[in-house]
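Asker: next come a sequence and a model predicted from it.
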Number of protein chains: 2
Amino acid sequence: MARVTQADVARAAGTSMAVVSYVINGGPRPVAEATRKRVLAAIEKTGYRPDGVARALAAGSTFTLGLVVPDIANEFFAELAGAVEQSARAAGRTVLLANSEGDTATEMALLETFLQRRIDGVVIISQAPEAADELLGRANTRRVFLGASPATGSSIGVDNFGGAVAATKHLLEHGYERIAMIAGPAGDTVAEARLAGWRTALAADDTSVAARTAARSPGAAFVHQPFTVDGGYVGALELLGSSAPPDAVFAASDRQAIGLLRAAADEGLSVPDDLAVVTFDGSAASAYAVPSLTTIQQPIAEMAELAVRQLLDPEAEAEPVRAVLDVGLVVRRSCGCPSARH
Amino acid sequence: MARVTQADVARAAGTSMAVVSYVINGGPRPVAEATRKRVLAAIEKTGYRPDGVARALAAGSTFTLGLVVPDIANEFFAELAGAVEQSARAAGRTVLLANSEGDTATEMALLETFLQRRIDGVVIISQAPEAADELLGRANTRRVFLGASPATGSSIGVDNFGGAVAATKHLLEHGYERIAMIAGPAGDTVAEARLAGWRTALAADDTSVAARTAARSPGAAFVHQPFTVDGGYVGALELLGSSAPPDAVFAASDRQAIGLLRAAADEGLSVPDDLAVVTFDGSAASAYAVPSLTTIQQPIAEMAELAVRQLLDPEAEAEPVRAVLDVGLVVRRSCGCPSARH
DNA sequence: TTGAAAGCGCTAACAG
DNA sequence: CTGTTAGCGCTTTCAA
């Protein structure tokens, strides 16, 4: 009933612990084929299971990656977490998941416990990139930031500005004239980039009333709201209740768009007929919504894969990635495109 | 730059490693207040961070819990994962999250890596409860099953049967006569319990056409589908396309209900006017859907809390919990209740 | 109340 | 190619 250790296996195989270790790890010394077979048989026979903790202590690696997200119940982060876990698993690593709840102090506390557990690296969607980077740097721990990132070091993001421009342009091409925006929290880098994209696209389109409106009273046509369903709901009500309600809205995230849909329904507005919507993220929820949401799709799997590779690749140690991935417009129903499936 | 160890702290405090350990862990031996202060100061000064791996090896506990869910991108599981993580964190534990992808082999492999990492216990939503229980039992690892569970051991579930009865009854009270069901996968215990509840409620209501229909051709009024949005979509199309389409549907999960909503929209059916819907789970998505979904609410936080407590409580070791928690009907718009908010 | 030292189970020099 | 052994950093027994 006691735990089977490497020593037991060695005894059963009539060899030494070192050799057992070599066959398990495929190195660092070669082992004769016959010996290898005997060891494997002994492992089988004894039901030996390597002790990851002891191995981590001796080898100096836990084979574990940490992932910090603001909110795992947010489908976008849930999908990302799933993708990271998959990439990590493919690389023989396990992932420790933590929720910062969008709170800086919690985030730092989580990183602290990660460090205590000696994770090999962390993927983080940070609320305070500089502070997080500094802490991890001091602990000499590899890290890659998704979204908001510190001035230096590895980060993977998407072209938030370009995506927002594309989204807004699409709405403009539909002929909508009062294109409002539900933006993310003020000060958030990602949110600001999307907001800037929307502004830029409108400004470039001098025929639109929206452009003139935005230019004259830049505060009128958008609202800052958290990246939540509720944020989208509240923001939408505000926009729709204004003296000059929009005929289209660009929501900075799928979560907000879901809230916007709910608000439109409450106001008796039909989407896209009375109000067109384009959003940002491309989580599965955007496809399932009624009506389905035209959205700027983030390459989730690619981001996850890239992040994990950067963390694990010994070569990559020296030179950080500063990736800005492309996003694509996925046309569905909510923008009013007649040809869209669903 | 090298790692600060307990020995460094001991040196800085002018004491021994043992004493440092005592103050960090608050035992098992008492420490003079003055010494304690010196040690604390030394920890501060050196920037010492305990090594969780070494501690785990020496103490025999990793302070880590494992959680296995079928699919983290499913909002219900995501919410559950969030709740488990929160409960675990409150108890000073970290959680290792893994996705079985609904696959038995993957599930077993994940449990195997958990065991290697010597997690202190696991919370699992299993595809193969008996096999999982056997594996964990052999490894002497504490576990609690959520949903499907083995014949013995700790499990926490909800009253699936009762909830389904309540959901169906509610539809019956509305006066709907052809109440169909999108059931979960055939053979799944949870799915079968919900299906049985629906059947029972219909059978008890001898005035309804649905009851007669179900009694005469039990295969006609329900379809087995996976617990996914797509499953709901496909199932709904099948039901709606039948020669005697339903005027109400009970979906076995929120995910399926989302798909059902989409299918209804595609068919030009308005919910709840043309088709009433009640679902099961009560994830946040059910509240955000348009129309908002009347649902059987599972007590997610309570389940998580109970599970973590059972895993950690030394007393609980001997006697397993076999909890069946109550569920409640949350009335929203999709069932046709006029008074419902949204 | 404190300290010395024996492990926890494994990896990887190093020596053969 | 194989074996011996010194740690990895911490907890805890045991003796002082």
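Answerer: That came through, no problem.
Asker: which regions of chain A sit below the pLDDT cut-off?
Answerer: A:1, A:206-220, A:317, A:339-342 (pLDDT under 70).
Asker: what residues does it have near DNA strand C?
Answerer: Residues of chain A lying close to DNA strand C by Cβ under 7 Å from any atom of the strand are A:3, A:5-7, A:17-18, A:20-21, A:24-25, A:27-29, A:48, A:50-51, A:54-55, A:57-59. Glycine gets a C-beta too; all of them are placed from N, C-alpha and C.
Asker: the residue in the stretch 151-300 of chain A positioned nearest to DNA strand C and DNA strand D, how far apart?
Answerer: Nearest residue of the stretch 151-300 of chain A to DNA strand C: A:Ser154, at 24.9 Å (Cβ to the nearest atom of the strand). Computed as Cβ to the nearest atom of the strand, to the nearest Å, the A:Ser154 to DNA strand D distance reads 25 Å.
Asker: my read: that residue touches A:Arg309, true?
Answerer: No: A:Ser154 is beyond contact range of A:Arg309, at 10.7 Å (criterion: Cβ atoms under 8 Å).
Asker: what touches both of these two?
Answerer: A:Ala316 (Cβ atoms under 8 Å, 6 or more residues apart in numbering or on different chains).
Asker: looking at those two, which is more packed in?
Answerer: Set A:Ser154 next to A:Arg309 and count neighbours by other Cβ atoms under 10 Å in any protein chain shown: A:Ser154 wins out with 24 against 14.
Asker: what segments of chain A are helices?
Answerer: If DSSP state H is used as the criterion, the helices of chain A fall at A:6-13, A:17-25, A:33-46, A:52-59, A:75-90, A:104-116, A:129-138, A:160-174, A:189-204, A:209-216, A:229-240, A:254-266, A:284-288, A:300-312.
Asker: how many residues are close by the nearest residue to A:Gln225 once chain neighbours are set aside?
Answerer: Leaving out its chain neighbours, the residue that sits closest to A:Gln225 by Cβ to Cβ, 6 or more residues apart in numbering or on different chains is A:Gly231, at 3.5 Å. For A:Gly231, the tally of surrounding residues (other Cβ under 10 Å) stands at 24.
Asker: how many neighbours does A:Val158 have?
Answerer: 25.
Asker: quick one: it and A:Glu302 touch, right?
Answerer: No: here A:Val158 does not reach A:Glu302: they are 9.7 Å apart, not a contact under Cβ under 8 Å.
Asker: list residues touching both of those two?
Answerer: Shared contacts of A:Val158 and A:Glu302 (Cβ under 8 Å, 6+ apart): A:Leu325.
Asker: can you pull up the most central residue in chain A?
Answerer: The centroid of chain A falls nearest to A:Leu80 when counting by Cα atoms, centre = their mean (4.6 Å).
Asker: grab the nearest non-local neighbour of A:Ala276.
Answerer: Distance criterion Cβ to Cβ, 6+ apart; nearest residue to A:Ala276, sequence neighbours excluded, is A:Ala248 at 3.9 Å.
Asker: for the one you found, give the beta-bridge partners.
Answerer: Beta-bridge partners recorded for A:Ala248 (DSSP bridges): A:Ile179, A:Ala276.
Asker: which residues does it contact?
Answerer: Shown in contact with A:Ala248 (Cβ under 8 Å, 6+ apart): A:171, A:174, A:176, A:178-180, A:275-278, A:335.
Asker: for these, give me CSV that also has neighbour count.
Answerer: What follows is these, written out as CSV (neighbours: other Cβ atoms under 10 Å in any protein chain shown):
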residue, neighbour count
A:Leu171, 30
A:His174, 18
A:Tyr176, 24
A:Arg178, 18
A:Ile179, 30
A:Ala180, 30
A:Leu275, 25
A:Ala276, 24
A:Val277, 28
A:Val278, 32
A:Cys335, 26
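Asker: from those, which is closest to B:Ala257?
Answerer: For those, the minimum distance to B:Ala257 (Cβ to Cβ) is 21.8 Å, reached by A:Val277.
Asker: hang on, the earlier thing: which one of the contacts of A:Ala248 is nearest A:Pro129?
Answerer: Proximity of the contacts of A:Ala248 to A:Pro129 was ranked by Cβ to Cβ; the top entry is A:Val278 with 27.9 Å.
Asker: got the contact list for the closest one?
Answerer: Going by Cβ under 8 Å, 6+ apart, the list of residues near A:Val278 reads A:167-168, A:170-171, A:248-251, A:293-296, A:334-335.
Asker: 6 Å - rerun?
Answerer: A:167, A:171, A:250, A:294, A:335 (Cβ atoms under 6 Å, 6 or more residues apart in numbering or on different chains).
Asker: again, but for A:Asp230
Answerer: A:Gly259.
Asker: hang on, the earlier thing: can you redo the contacts of A:Val278 as CSV with distance to B:Val84?
Answerer: Output for the contacts of A:Val278, formatted as CSV (distance: Cβ to Cβ, whole Å):
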residue, distance to B:Val84
A:Ala167, 36
A:Leu171, 41
A:Phe250, 36
A:Thr294, 35
A:Cys335, 38
